[in-house]
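Asks: Predicted structure and sequence below. I'll ask about it afterward.
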Amino acid sequence: MRNQVQLITYVDRLSGGGFRALHDLFEGPFQGLFGGAHLLPFYWPIDGADAGFDPIDHTQPDSRLGSWDEVRRLGQGRDLMADLIVNHVSSSSPQFEDFRKHGDTSTYADLFLTYGRVFPKGASEKDLLQIYRPRPGLPFTKTRLDDGTERLLWTTFTPEQIDIDVRSFAGRAYLNQILTEFQAAGIRAIRLDAAGYAIKKPGTSCFMIPETFGFIDELQTQAHALNIEVLVEIHAYHRDQINIAKQVDWVYDFALPPLVLHALYTRTTARLKHWLGISPRNCITVLDTHDGIGVIDVGPDRRGAEMLPGLLTAEEIDNLIETIHARSNGESRQATGAAANNLDLYQVNCTYYDALGQRDEEYLIARAIQFFAPGIPQVYYVGLLAGANDLDLLRRTGVGRDINRHYYSRREVESALTRPVVEALFGLIRFRNTHPAFAGEFRLLPSADHEIHIEWRNGDQWARLEADLKATVATVFHSATGGECRLVVAPDSMKEIAR
């Protein structure tokens with residue numbers, strides 16, 4: 001995966017089109033901005049129960065977006081990442097429809113996880129209570145088959161997303177077919193969606209257990225044989241994330257978004273600097289994604305009778321969440337928790353721009369910190385355009401995360417490109433992509449509690465970010481032909497490099 005900024009986007013929500021429209025953006029106003037793109041689920045259909053994360057056919061693009069040929073064309077000159085949804089499949093998939101019709105005589109009977117397959121001898125109250133789940137309630141849905149019998153299916157997320165048995169012959173064949181299609185289409189990396197939930201074992205939490213690591217390792221070996229890299233998506237205690245990073249190609253730095261917010265809210269950088277000193281180096285950095293702003297990644301964690309300290313205290317997390325609600329004028333509260341569907345217990349639903357109260361200077365400082373942090377940066381399409389919360393979409397769907405999943409028309413994109421904050425962000429992206437220092441070594445330099453100084457050095461090439469959060473000022477100093485150059489990280493100050 002090339003060491004340049006990547007775009008995260010839905011194919012149908014940016015410029016109102018499919019693969020061709022996205023290609024036109026890459027060859028037009030986005031030219032030179034992105035070394036790669038993470039294409040959020042584009043399989044049939046894109047408008048199911050969970051915005052494409054419940055595919056009926058994981059091996060085919062939605063025809064409304066285009067074909068595999070257009071995916072291959074989009075991948076020319078850039079790295080494409082696609083989601084491998086390993087945990088579940090749609091209840092409308094042909095495989096599940098066959099199981100519904102034929103029951104245990106179905107070819108796909110062993111593809112789906114039932115209560116009985118995981119707990120053949122039954123489960124105690126203790127067994128059920130220790131199952132980790134990101135949403136309230138137990139992960140089971142009662143389903144009636146065509147012959148009138150009822151089965152209790154494992155459904156980690158929604159009743160429309162039926163968990164699969166990835167260790168069964170049918171489960172392995174299902175995932176292998178998807179990987180083969182990906183390779184043929186030129187997909188260079190996969191994001192393992194919800195991989196932490198893929199293995200269920202009686203008497204455990206059924207989340208990130210030792211057998212889960214074995215499954216991820218097997219799948220990664222299979223992907224490597226096809227020249228595909230693997231990004232593992234897991235929200236977990238920060239020490240677990242560090243350990244997971246040692247076993248996989250790439251992990252997300254999910255601790256970075258809340259820690260950057262905490263630093264900007266409190267004007268103190270100690271927590272952020274502590275994390276940057278120990279964070280994995282093989283990470284994908286994000287501030288925003290198609291999901292909410294996670295907090296579990298920076299929180300404490302209970303291990304039996306012991307409570308392990310987090311990167312932030314419980315009180316600091318509470319203050320962080322309340323500040324997000326305050327900065328967004330209460331809009332994030334409408335989209336989070338009991339106020340909305342998809343009740344993720346560890347995320348606040350809000351655009352990152354609104355989480356900072358639409359303060360352009362702070363937003364650009366946040367992006368500068370992200371681009372100077374260890375790892376490869378990804379920028380979500382709404383964040384790229386400094387997008388605001390979409391309350392209309394939230395009201396129409398009732399899905400909390402839709403507040404940060406706006407559908408941009410081409411006219412809206414063109415209008416956003418004229419905003420100074422977006423022009424400055426484009427300048428930062430181009431700088432991160434082109435300066436040779438970022439191929440070198442990361443250093444966190446000494447600085448005051450209200451400051452953060454980050455430097456990259458590659459031979460005689462160097463780049464240094466100096467941010468003063470109390471004064472809300474950040475400057476990039478860097479090597480250049482003829483000596484040192486200086487860039488102020490602010491709207492209207494980076495237009496030359498933005499073009």
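Replies: Noted; the coordinates are in hand.

Asks: Can you tell me the closest non-neighbouring residue to I190?
Replies: Of all residues not flanking I190 in the chain, L84 sits nearest, at 4.4 Å (Cβ to Cβ, 6 or more residues apart in numbering). Where C-beta positions appear, they are placed from N, C-alpha and C, glycine not excepted.

Asks: roughly how far is the helix or strand containing the one you found from the heart of the chain?
Replies: Assigned by DSSP states H and E, L84 belongs to strand 79-85. For strand 79-85, the separation from the chain centroid amounts to 11 Å (computed by Cα atoms, centre = their mean, to the nearest Å).

Asks: ok so, going back, shouldn't the residue nearest to I190 be in contact with Q177?
Replies: No. Using Cβ atoms under 8 Å as the test, L84 is too far from Q177 to be in contact (11.2 Å).

Asks: Run through the stretch 251-400 of the chain and note the low-pLDDT ranges.
Replies: 338-345 (pLDDT under 70).

Asks: all strands of it, in order?
Replies: Taking DSSP state E, counting those that start in this stretch to define them, one finds strands in the stretch 251-400 of the chain at 283-285, 293-294, 301-303, 306-308, 347-348, 376-380.

Asks: Would you mind giving the ones you listed as TSV with mean neighbour count and distance to E466 added?
Replies: As requested, those are exported to TSV (neighbours: other Cβ atoms under 10 Å; distance: least, Cβ to Cβ, whole Å):
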stretch	mean neighbour count	distance to E466
strand 283-285	24	19
strand 293-294	24	26
strand 301-303	11	34
strand 306-308	10	33
strand 347-348	24	29
strand 376-380	25	19
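
Asks: Out of these, which is closest to A326?
Replies: Closest to A326 of those, according to Cβ to Cβ: strand 347-348, at 12.0 Å.

Asks: so what's the residue nearest to I190 up against?
Replies: Residues near L84 by Cβ atoms under 8 Å, 6 or more residues apart in numbering: L175, I178, L179, F182, I190, R191, L192, D193, L219.

Asks: In strands, which of these fall?
Replies: I190, R191, L192, D193 (DSSP state E).

Asks: what sits against I8?
Replies: A37, H38, L40, V286, T289, H290, Q378, V379, Y380, Y381.

Asks: likewise Y115?
Replies: A123, F140, R151, L152, L153, W154.

Asks: now T313
Replies: T313 is in contact with P300, counting by Cβ under 8 Å, 6+ apart.

Asks: swap in K201?
Replies: Residues in contact with K201 (Cβ under 8 Å, 6+ apart) are V118, I209, E211.

Asks: let's go with 7 Å and repeat that
Replies: By Cβ atoms under 7 Å, 6 or more residues apart in numbering, the contact set of K201 is I209, E211.

Asks: that older thread, mind putting the ones in strands among the contacts of L84 into JSON lines with pLDDT, neighbour count and distance to H224?
Replies: Output for the ones in strands among the contacts of L84, formatted as JSON lines (pLDDT from 0 to 100; neighbours: other Cβ atoms under 10 Å; distance: Cβ to Cβ, whole Å):
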{"residue": "I190", "pLDDT": "98", "neighbour count": "26", "distance to H224": "11"}
{"residue": "R191", "pLDDT": "96", "neighbour count": "21", "distance to H224": "15"}
{"residue": "L192", "pLDDT": "94", "neighbour count": "23", "distance to H224": "13"}
{"residue": "D193", "pLDDT": "91", "neighbour count": "19", "distance to H224": "19"}
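
Asks: rewinding a little: as JSON lines, the contacts of I8 with distance to Q370 would be great.
Replies: Formatted as JSON lines, the contacts of I8 follow (distance: Cβ to Cβ, whole Å):
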{"residue": "A37", "distance to Q370": "17"}
{"residue": "H38", "distance to Q370": "15"}
{"residue": "L40", "distance to Q370": "19"}
{"residue": "V286", "distance to Q370": "8"}
{"residue": "T289", "distance to Q370": "12"}
{"residue": "H290", "distance to Q370": "17"}
{"residue": "Q378", "distance to Q370": "9"}
{"residue": "V379", "distance to Q370": "8"}
{"residue": "Y380", "distance to Q370": "11"}
{"residue": "Y381", "distance to Q370": "15"}
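
Asks: returning to that earlier point: now the strand holding L84: average pLDDT?
Replies: Across strand 79-85, the average pLDDT comes to 97.

Asks: That strand vs strand 376-380, what angle?
Replies: Here strand 79-85 runs at an angle of 70 degrees relative to strand 376-380 (axes from the mean of the first three to the mean of the last three Cα atoms, to 10 degrees).

Asks: can you pull out the strands in the stretch 51-200 of the chain?
Replies: Using DSSP E, counting those that start in this stretch, strands in the stretch 51-200 of the chain cover 57-61, 79-85, 88-90, 140-144, 150-154, 161-163, 189-193.

Asks: Which of the contacts of I8 sits closest to R430?
Replies: Checking those one by one against R430 (Cβ to Cβ), the nearest turns out to be V379, at 12.4 Å.

Asks: ok, and what's touching stretch 207-223?
Replies: For stretch 207-223, the external contacting residues (Cβ under 7 Å, 6+ apart) are 132, 166, 175, 179, 190, 192, 195-199, 201, 230, 232, 234, 236, 240, 247-249.

Asks: Kindly apply the preceding question to stretch 401-414 instead.
Replies: Stretch 401-414 is contacted by residues 13-16, 51, 288, 290-292, 331, 335, 342, 349-351, 382, 385, 387, 389-391, 393-394 when judged by Cβ under 7 Å, 6+ apart.

Asks: Among those, which lie within helices?
Replies: Of the contacts of stretch 401-414, the ones assigned to helices by DSSP state H are E331, V382, L391, L393, L394.

Asks: most surrounded residue in those?
Replies: Per-residue neighbour counts (other Cβ atoms under 10 Å) across these peak at V382, which has 28 neighbours.

Asks: residues touching it, list them.
Replies: D288, T351, N404, H406.

Asks: Kindly tell me how buried the nearest residue to E160 once chain neighbours are set aside is, as a neighbour count.
Replies: Nearest residue to E160, sequence neighbours excluded (Cβ to Cβ, 6+ apart): A49, at 3.8 Å. Residues near A49, counting by other Cβ under 10 Å, number 18.

Asks: dump the residue contacts of A49.
Replies: T158, E160, Q161 are the contacts of A49 under Cβ under 7 Å, 6+ apart.

Asks: Most neighbours among those, which one?
Replies: Among the contacts of A49, the one with the most neighbours (other Cβ under 10 Å) is Q161, at 24 neighbours.

Asks: where's the closest residue to Y10 other than its chain neighbours relative to R395, distance?
Replies: Spatially, and ignoring its direct neighbours in sequence, Y10 is nearest to L40 (4.7 Å; Cβ to Cβ, 6+ apart). Plainly put, L40 is 22 Å away from R395 if you go by Cβ to Cβ, to the nearest Å.

Asks: Repeat that for L192.
Replies: L192 sits 33 Å away from R395, taking Cβ to Cβ as the criterion.

Asks: With Y237 instead?
Replies: Counting by Cβ to Cβ, the gap from Y237 to R395 is 35 Å.

Asks: Comparing the two, which residue is more hemmed in?
Replies: Y237 (21 against 11).

Asks: Ramachandran coordinates for that one?
Replies: The phi and psi values for Y237, taken as degrees, to the nearest 10, are phi -50, psi 140.

Asks: so which of the strands of the stretch 251-400 of the chain gets nearest Q31?
Replies: Comparing these by Cβ to Cβ, strand 376-380 comes nearest, at 15.5 Å.

Asks: Identify the residues contacting Q183.
Replies: L226, I228.

Asks: contacting residues around the residue most central in space within the chain?
Replies: With distances taken as Cα atoms, centre = their mean, T289 lies nearest the centre of the chain, 4.7 Å away. Taking Cβ under 7 Å, 6+ apart, we find T289 in contact with I8, Y380.

Asks: go again using 8 Å as the cut-off
Replies: Contacts here follow Cβ under 8 Å, 6+ apart; on that basis T289 touches I8, Q378, Y380.
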